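A.B. asks: Got a sequence here, can you model it:
(2 chains)
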Number of protein chains: 2
Amino acid sequence: MHFGRHISGQFNVELESIRTHVLTMGGLVEQQLSFAMQALHSDDVELAKRVVRDDHKVNAMEVSIDDACTRIIAKRQPTAKDLRLIMAIIKTITDLERIGDVATKMAYVAIESPSSKESQFHVSLEPLARQAIGMLHQVLDAFARMDVDAAAKVHKMDDKLDAEYEAVIRQLMTYMMENPKNIPNILQVMWSARAIERVGDRCQNICEYIIYFVKGKDVRHLGDQGINDALK
Amino acid sequence: MHFGRHISGQFNVELESIRTHVLTMGGLVEQQLSFAMQALHSDDVELAKRVVRDDHKVNAMEVSIDDACTRIIAKRQPTAKDLRLIMAIIKTITDLERIGDVATKMAYVAIESPSSKESQFHVSLEPLARQAIGMLHQVLDAFARMDVDAAAKVHKMDDKLDAEYEAVIRQLMTYMMENPKNIPNILQVMWSARAIERVGDRCQNICEYIIYFVKGKDVRHLGDQGINDALK
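C.D. replies: So this is what the prediction gives:
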């Protein structure tokens, strides 16, 4: 990956190191989300506790990458594409950290209300979570290669996630109306579903940062059409 | 407000201009949240539509401030406290924009399900929203003066907001169990309550950026105790 030709080879090394850290952080967040889903689905309280325990690692990575970015700006005074890379990274890690929080919240549901195991309500969050984890995986892959076409593709996947989310909510709502005494537990599952749906939005944000870095165009708030225009 | 002594008086002017824009954006977001609450509470669809219509202004301010920050980094190569200010601003506007999204979501609830007017469920979101708007107002004030003590005070207010939120959810849940046919409408109110609760978290984030700017310490993920330690 070449970010440009720098007089200082050391600068390249530093940028590459930060980028590697972002990918490591992304991998950890993806794992946290996978484990949280697994814990919720199979009532595995031990696994859920592990997710909660490991959240501090995600947080620490956010703080340390942010610090590295600030130091590289102060020391190397980057401009143009180098600066855009650092800006994209600063924003990306915020979203990754929040996705980590989603995993932790799901893990807490698994720990505190094991009776809210979603499958007992004839609704599985697994397809929804699997889609969200898939989006995260693909956006990290797009980030690794700084591939705008892949990013645009991931951006479009959110519609499918939203549709799946709506279907899950409708099912849970029907079940609630039929079994009012289960409402508190079903609400826990609903909160988890909503948190998973938000993962898609965060992955879309990361897609937008990738496009910003590569194309120098800020496509936030412009939707899929704005992205298509930027990639023309 | 002096950020340091710069050889270039123009640099000070530019920093001051960005800071003013952040406060303007904050004021607009506060107004959006107020209007959205009012629209939801009094079934005012026209006001709700205005909130939705004005969301693009919030988005545009985020994009333009971000761009100004990137340009000032490239041009002025700030270090130390100046750089921390810019970093704090870049993060603050992300949270402000998301608070703006909360207002828009509430406005959509007011438009799409006027029958979910919260007061009909014997639960008012107004005290909750008023607290959240109060936190936002105070954190913007702390930001304007870069007052870490005020920021620490706002940070602690979130506990009260969380408690109020829990109480609202419990009330709504009881009402749901008693009136299952109202579940879809009550859920709309619940989503709004949850979105308002998240405003508190975002205000806490802004408190942390203020402390980061003034003290040079990253207190994220450390809780109120970590903040107390940083201010010693």
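A.B. asks: could you check whether the worst-scoring helix or strand of chain A on mean pLDDT is close to chain B?
C.D. replies: Sorting the helices and strands of chain A by mean pLDDT, DSSP states H and E puts helix A:223-231 at the bottom, at a mean of 92. No - against chain B, helix A:223-231 shows no contacts by C-beta under 8 Å from any C-beta of the partner chain, the least distance being 11.5 Å. Glycine gets a C-beta too; all of them are placed from N, C-alpha and C.
A.B. asks: buried stuff in that helix?
C.D. replies: A:226-227, A:230 (16 or more other C-beta atoms under 10 Å in any protein chain shown).
A.B. asks: Please work out which residues outside that helix touch it.
C.D. replies: A:148-149, A:152, A:155-156, A:207-208, A:211, A:215, A:217, A:219, A:222 (C-beta atoms under 8 Å, 6 or more residues apart in numbering or on different chains).
A.B. asks: send the alpha carbons of that helix over as PDB?
C.D. replies: Taking only C-alpha atoms (Å, rounded to 0.1, in the frame of the first residue of the first chain), the coordinates of helix A:223-231 have been written out as PDB:
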ATOM      1  CA  GLY A 223     -27.000   8.400   0.100                       C
ATOM      2  CA  ASP A 224     -26.200   5.700  -2.400                       C
ATOM      3  CA  GLN A 225     -26.800   8.100  -5.400                       C
ATOM      4  CA  GLY A 226     -24.200  10.500  -4.000                       C
ATOM      5  CA  ILE A 227     -21.700   7.700  -3.700                       C
ATOM      6  CA  ASN A 228     -22.400   6.600  -7.300                       C
ATOM      7  CA  ASP A 229     -21.800  10.100  -8.500                       C
ATOM      8  CA  ALA A 230     -18.500  10.400  -6.500                       C
ATOM      9  CA  LEU A 231     -17.200   7.200  -8.000                       C
END
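A.B. asks: how distant is that helix from the center of its chain?
C.D. replies: In terms of C-alpha atoms, centre = their mean, to the nearest Å, the gap separating the centre of helix A:223-231 from the centre of its chain is 21 Å.
A.B. asks: Could I get the full set of helices for chain A?
C.D. replies: Assigned by DSSP state H, chain A shows helices spanning A:9-41, A:45-76, A:80-112, A:126-145, A:148-178, A:183-215, A:223-231.
A.B. asks: Could you name the helices and strands sitting against the first one?
C.D. replies: Contact here means 3 or more C-beta pairs under 8 Å, 6 or more residues apart in numbering or on different chains; DSSP states H and E; on that basis helix A:9-41 packs against helix A:45-76, helix A:80-112, helix A:126-145.
A.B. asks: Kindly report the same for the fifth one.
C.D. replies: Using 3+ C-beta pairs under 8 Å, 6+ apart as the contact definition, the elements that helix A:148-178 packs against are helix A:126-145, helix A:183-215, helix A:223-231, helix B:183-215.
A.B. asks: In JSON lines, list the ones you listed along with distance to residue A:21.
C.D. replies: As requested, those are exported to JSON lines (distance: least, C-beta to C-beta, whole Å):
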{"stretch": "helix A:126-145", "distance to residue A:21": "12"}
{"stretch": "helix A:183-215", "distance to residue A:21": "15"}
{"stretch": "helix A:223-231", "distance to residue A:21": "27"}
{"stretch": "helix B:183-215", "distance to residue A:21": "20"}
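A.B. asks: Out of the buried residues of helix A:223-231, the closest to residue B:182 would be?
C.D. replies: Comparing the buried residues of helix A:223-231 against residue B:182 with C-beta to C-beta places residue A:226 closest, at 39.1 Å.
A.B. asks: and the helices and strands packed on helix A:9-41 as a markdown table, adding distance to chain B and mean neighbour count?
C.D. replies: What follows is those, written out as a markdown table (distance: least, C-beta to the nearest C-beta, whole Å; neighbours: other C-beta atoms under 10 Å in any protein chain shown):
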| stretch | distance to chain B | mean neighbour count |
| --- | --- | --- |
| helix A:45-76 | 4 | 18 |
| helix A:80-112 | 6 | 22 |
| helix A:126-145 | 17 | 20 |
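A.B. asks: would you turn the ones you listed into TSV with mean pLDDT?
C.D. replies: Formatted as TSV, the helices and strands packed on helix A:9-41 follow (pLDDT from 0 to 100):
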stretch	mean pLDDT
helix A:45-76	97
helix A:80-112	95
helix A:126-145	97
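A.B. asks: could I get those helices as a markdown table with distance to residue A:163?
C.D. replies: As requested, the helices and strands packed on helix A:9-41 are exported to a markdown table (distance: least, C-beta to C-beta, whole Å):
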| stretch | distance to residue A:163 |
| --- | --- |
| helix A:45-76 | 27 |
| helix A:80-112 | 19 |
| helix A:126-145 | 10 |
